[in-house]
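Engineer: Generate a structure from the sequence data that follows.
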Amino acid sequence: MPLFQPERVAVIGGGCTGITTFWALRNSTHDVHLFEASDSLGGRVKALPFEHNDHRVDVNTSPPTFNAGTSHHLGITGVKAPFSFGATDGIDSFQWCGSVLKSILLRPWTLCNFETYRILCDVIWMRYMAVDVLDHGFEACNPTDAQSLSMHEYLAGEEYSNIFIENYLAPLLSMLWSTNAGRFLPRVPAKALVQALCDHQLLRPRQALPDWRRIGPGVSHFIQTMTKSFPSSKVHLKTRVREVVQYGKKYGIMTSAGEEMFFNHIVFAVNGQETIKILGTLANEQEKEIMRSLGSTRNISVLHSDPLLMPNVEDPGPACNYILGPSNQDWPTQPSNNTTTTTSHISSLSYIANFLDSIPFHLFGPIYITLNPFTPPHPSQVQGVWEFTDPEPSAQTLIAQHHLPSIQNKRGLSYGFCWTGRGHLEDAITAGLRIAIQDLGAEAPFHVKFHQDPLEAAASGPPGLGLRDNAIRTIIRLVHVYVLIMRLVLVLFRALPGAAVKAKTRFRPMCNAAAASKEKTS
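Structural biologist: Residues are numbered from 1 along each chain as shown. Below you'll find the predicted structure:
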């Protein structure tokens, strides 16, 4: 293990990544300073007060849930959390839990809706067939498209229905990623998304269901626990970093107050655009290209109690609700002859905070957190509004993530944010630990597993399929072939009457001419 000389280290950004980097370095020989532009640490992870009938409770602005199967090395303990999500357009609604069969048994009347059967068919097809995208044989058959294949192209090519996309897939991904997945789903690389579903054990029903848990006191308590021992002299709140200037092997940080401080190493724990802005002319072309490709979107969240933003959602409803609005041209517009339409709806995402924070309904009523509402709630029922950025998954983002190590810890600069992974809380924390351990020699009190970036994970190939899996896949393919044959027969059958009429029309003049000639001869 290389020896690290004591250095003055500046961590810019007091979100999860910056806090984790500072926490991991707190007992090191480095002189570490943390800079945050706002008046509190945690970034988007915080708690806001909610009042109702003289009662007050703190509501976490970020869902305090995590997948214990993929987050075990964080050392987080918690209680079991609901794995439920739904979708509604104000008329029809669908509710799902971890098991599709259980979802149907809990709401058997949905079988009276033909759309339910189409969704179930697409769910079965995806759970057993989507892993083919990860197969190296798929790349051999599609050498130019395998890496760049978008979800829009994949879903259209496999003839997934728009009903399935808007009422199952987009709500599922929105719940997993705690963001409105419908805004970027068409542009997500298919291989990366399928790999993410595999990681969460949501493909192949033979696998155990994901073990979703909730951080007991909430995510904000988790952040408070990490930061309670931070020395106030080294945490600079309300201090925005405007510029970084290089002096040989050292850097000068210029703050919004006009103060300049000098450091040997700088950690950028902010989004890519902010990093470029701070570096200015100091950033080289490679750094600019990678940072610009790490796309992000701005989101608006509202803490409220307006039930009109939750149309046709049954009481108490699922923990996460995907609300569909009027039609919108979000999907790429191109000719398509399959069942996947080229238009989508505007959408928003709402959480029922009572489930996620164990807040009693009888004391506070339903409490909602809505992301990007297309219809604003009534002002009298709003108790908090805030803005934040989220990574936007795209082919360019994944490529930039893959090339990020080429600029890490070069020239005394390190970069970390939730975009180093898939945008989860775990990714932000892991990014901070990676910088502290690998770039600055920190020693964590537990073993840290640094997972692959999404492109490397997808390149590792599909999970192993057993005899039972392959037998079921064969049956599904045979049923699919049978359906295709029946569709072809139906098309031909519908075309026959038209062909007969056309032939009759074509030969009628000839028959009339022959009859006239015969009469003339006689």
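
Engineer: for the helix or strand harbouring Ser301, what is the average pLDDT?
Structural biologist: If you go by DSSP states H and E, Ser301 is part of strand 296-304. Averaging pLDDT along strand 296-304 gives 89.

Engineer: Mind listing what's buried along whichever helix or strand comes after it?
Structural biologist: Later in the chain than strand 296-304, the nearest helix or strand by DSSP H and E is strand 320-328. Neighbour-count burial for strand 320-328 flags Cys320, Asn321, Tyr322, Ile323, Leu324 (criterion: 16 or more other CB atoms under 10 Å). The C-beta positions use only the backbone N, C-alpha and C, and glycine is treated the same way.

Engineer: okay but the fourth one is in contact with Gly317, surely?
Structural biologist: No - with the criterion set as CB atoms under 8 Å, Ile323 and Gly317 do not qualify as a contacting pair; they are 11.4 Å apart.

Engineer: Between the two, which contacts overlap?
Structural biologist: Residues touching both Ile323 and Gly317 (CB atoms under 8 Å, 6 or more residues apart in numbering): Met310.

Engineer: Extract the C-alpha trace of stretch 37-57 and format it as CSV.
Structural biologist: Extracted C-alpha coordinates of stretch 37-57, given in CSV (Å, rounded to 0.1, in the frame of the first residue of the first chain):
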residue,chain,number,x,y,z
ALA,A,37,-22.7,26.9,-0.3
SER,A,38,-25.9,26.4,1.7
ASP,A,39,-26.4,26.7,5.5
SER,A,40,-26.5,22.9,6.2
LEU,A,41,-24.9,19.7,5.1
GLY,A,42,-26.6,16.8,3.3
GLY,A,43,-27.6,18.3,0.0
ARG,A,44,-31.0,16.9,-1.0
VAL,A,45,-30.9,14.6,2.0
LYS,A,46,-32.7,16.5,4.7
ALA,A,47,-35.9,16.6,6.7
LEU,A,48,-38.6,19.3,6.5
PRO,A,49,-41.2,20.0,9.2
PHE,A,50,-44.8,19.1,8.5
GLU,A,51,-47.6,20.4,10.6
HIS,A,52,-51.2,19.2,10.9
ASN,A,53,-53.8,19.9,13.7
ASP,A,54,-51.2,21.1,16.1
HIS,A,55,-49.0,18.1,15.5
ARG,A,56,-45.5,18.4,14.0
VAL,A,57,-43.3,15.7,12.4
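
Engineer: Pick out the residue nearest the middle of the protein.
Structural biologist: Trp177 (3.5 Å; CA atoms, centre = their mean).

Engineer: which strands and helices sit next to the strand holding Ser301?
Structural biologist: Secondary-structure packing of strand 296-304 (3 or more CB pairs under 8 Å, 6 or more residues apart in numbering; DSSP states H and E): strand 368-371, strand 382-391.

Engineer: Mind doing that once more with 10 Å?
Structural biologist: With contacts taken as 3 or more CB pairs under 10 Å, 6 or more residues apart in numbering; DSSP states H and E, strand 296-304 sits against strand 47-52, helix 272-279, strand 344-352, strand 368-371, strand 382-391.

Engineer: ok and the next helix or strand after the longest one relative to strand 382-391, angle-wise?
Structural biologist: Same thing as strand 382-391. For strand 382-391, the succeeding helix or strand toward the C-terminus, using DSSP H and E, is helix 395-403. Angle of helix 395-403 versus strand 382-391, following axes from the mean of the first three to the mean of the last three CA atoms, to 10 degrees, is 70 degrees.

Engineer: if you average pLDDT over helix 395-403, what comes out?
Structural biologist: 84.

Engineer: Figure out how far whatever helix or strand comes next after it is from the centre of its chain.
Structural biologist: Per DSSP H and E, helix 395-403 leads on to strand 413-415 as the next helix or strand towards the C-terminus. Chain-centre distance of strand 413-415: 25 Å, with CA atoms, centre = their mean, to the nearest Å.

Engineer: what's next to strand 413-415, contact-wise?
Structural biologist: Identification of contacts with strand 413-415 by CB atoms under 10 Å, 6 or more residues apart in numbering yields 9, 11, 17, 21, 244, 246, 251, 265-270, 272, 275, 279, 282-283, 287, 290-291, 294, 404, 407-409, 431-432, 434-436, 438-440.

Engineer: Was I right to think Asn299 contacts Ile369?
Structural biologist: No - at 11.3 Å, Asn299 does not count as touching Ile369 under the criterion of CB atoms under 10 Å.

Engineer: How far off centre is stretch 358-371?
Structural biologist: 24 Å.

Engineer: Quick one: end-to-end length of it, please.
Structural biologist: Taking CA to CA, to the nearest Å, the first and last residues of stretch 358-371 lie 20 Å apart.

Engineer: Check which residues of that stretch are buried.
Structural biologist: Ile359, Phe364, Pro366, Ile367, Tyr368, Ile369, Thr370, Leu371.

Engineer: which two in these are spaced the farthest apart?
Structural biologist: Longest distance between any two of the buried residues of stretch 358-371 is 20.4 Å, between Phe364 and Leu371; criterion CB to CB.

Engineer: Take the buried residues of stretch 358-371 and lay them out in JSON lines including distance to Val188.
Structural biologist: What follows is these, written out as JSON lines (distance: CB to CB, whole Å):
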{"residue": "Ile359", "distance to Val188": "33"}
{"residue": "Phe364", "distance to Val188": "36"}
{"residue": "Pro366", "distance to Val188": "31"}
{"residue": "Ile367", "distance to Val188": "31"}
{"residue": "Tyr368", "distance to Val188": "27"}
{"residue": "Ile369", "distance to Val188": "24"}
{"residue": "Thr370", "distance to Val188": "23"}
{"residue": "Leu371", "distance to Val188": "18"}
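
Engineer: Reformat the residues you listed into TSV and put pLDDT and distance to Leu106 next to each item.
Structural biologist: Shown next, in TSV, are the buried residues of stretch 358-371 (pLDDT from 0 to 100; distance: CB to CB, whole Å):
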residue	pLDDT	distance to Leu106
Ile359	90	23
Phe364	93	26
Pro366	92	20
Ile367	94	23
Tyr368	94	22
Ile369	94	24
Thr370	93	25
Leu371	91	26
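
Engineer: Tell me the spacing between the closest residue to Pro6 other than its chain neighbours and Ala444.
Structural biologist: Computed as CB to CB, 6 or more residues apart in numbering, the closest residue to Pro6 that is not its neighbour in sequence is Thr29, at 4.2 Å. Separation of Thr29 from Ala444 (CB to CB, to the nearest Å): 16 Å.

Engineer: what about these two, which has more around it?
Structural biologist: The neighbour comparison of Thr29 against Ala444 (other CB atoms under 10 Å) goes to Ala444, with 14 against 11.

Engineer: Go ahead and confirm the more buried one touches Gln438.
Structural biologist: No - applying CB under 10 Å as the test, Ala444 and Gln438 come out as separate, 11.1 Å apart.

Engineer: By mean pLDDT, flag the weakest helix or strand of the protein.
Structural biologist: helix 136-141 (a mean of 53; mean pLDDT, DSSP states H and E).

Engineer: quick one, what contacts the residue nearest to Ala10 when sequence neighbours are not counted?
Structural biologist: Leaving out its chain neighbours, the residue that sits closest to Ala10 by CB to CB, 6+ apart is Phe263, at 4.3 Å. Counting by CB under 10 Å, 6+ apart, Phe263 touches 7-11, 30-33, 244, 250-253, 412.
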